[in-house]
Structure formats: structure tokens, C-alpha cells
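S.K.: After the sequence you'll find the predicted model.
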Amino acid sequence: MKKLLFTLTLVGALALGGQSAFAQAKKKATPTPAPGDAPAAAPAAPAAPTEKPKTEAKPGPFHTTVDSIDAKGQSFTHKNKDGKEVKNLVTSKTELKNGDKEAKFSDIKVGDEVTGMRLKKGDNEYEIIKTSYIGAPKPKAEKPKKP
């Protein structure tokens, strides 16, 4: 039975593709210039790879504690674990909420915990897309001890 199936498959492949399915592709012959002819132009160099288009940055979640506020510039900063200051900009497009309630930039105080979504603008600069919590730091739940 296996032999019959193999034979039928082989015959079908040959019928559909002919021998070209199993043959190697032939290379094109390059014409050799006759003596006294001008040298042919060099083949064109392959095109330089084009740069990949920059993909649009996607907002990511954040959870931070406010270290300083710039009311005039509508921004607040915090220090990351490396000790670098990170600036968070609040724009006219920012959706400020504290839970289900609307919030204002003036609701943000030094020492407050702020969570939400932000978009990276530079090495140490982010644009806040929306906030979901603004307020006193929530107490961390202790992990149950293993017996």
C-alpha cells in the first residue's frame, strides 16, 4: 500500500511539475566581450537597505511617587531606581482621573502616588496619557509567610 501511494505521488509530481521540479535552475551566461570592445559597465550595486520606518511608540503603564512638581510647566518628577530624575508631562490631551472621578493637575501633591498610562518622549521624559489613581501611597499588602 505504501509503495502504491509513493508511486502515485511521484507520478503526480512529475505530471504537474515535470522535470523542472527536480532540476536545478540554470545560471544566465554572461557575454564575454570581444577583443577591442569597450569594457561593459559594471553591474549595478545592490540598493542600500532602507531604514525601517519608526514604529509609533505605544503607551505603557506607570506607577510612581511624586518627588517634585512644576505647576507652571504642568509636570512632575520622580527619581528612578538609578537616581535619575524622570519628568512626566501633563498635556491638554491628558485624561486626569482618580478612580472614576475627574481630577485636576492641582490635585497632585509631592509624595502622592500616581498610576496610569504614559508615552516615552525622551531618555528621561514621558507624556502622561491618563491617570487612574492620584493620592496617598496605598499600604503594601504583606505576603503570607510560609509555614
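M.R.: Arrived safely, thanks for sending.

S.K.: Okay, strands next: where are they in the chain?
M.R.: 60-65, 68-70, 75-79, 85-95, 97-98, 101-102, 113-122, 125-135 (DSSP state E).

S.K.: Tell me which of the ones you listed sits nearest to residue 3.
M.R.: strand 60-65 (60.2 Å; CB to CB). The way it works is simple: take the backbone N, C-alpha and C, and place the C-beta from them, glycine included.

S.K.: ok, and what's touching that closest one?
M.R.: 78, 86, 88, 111-120, 126, 137 (CB atoms under 8 Å, 6 or more residues apart in numbering).

S.K.: pLDDT below threshold where in the protein?
M.R.: 10, 12-55 (pLDDT under 70).

S.K.: need the contact list for the residue lying closest to residue 93 once chain neighbours are set aside.
M.R.: Nearest non-adjacent residue to residue 93, counting by CB to CB, 6 or more residues apart in numbering: residue 129, 7.7 Å away. When contacts are counted by CB under 8 Å, 6+ apart, residue 129 is found next to 59, 93-95, 116-119.
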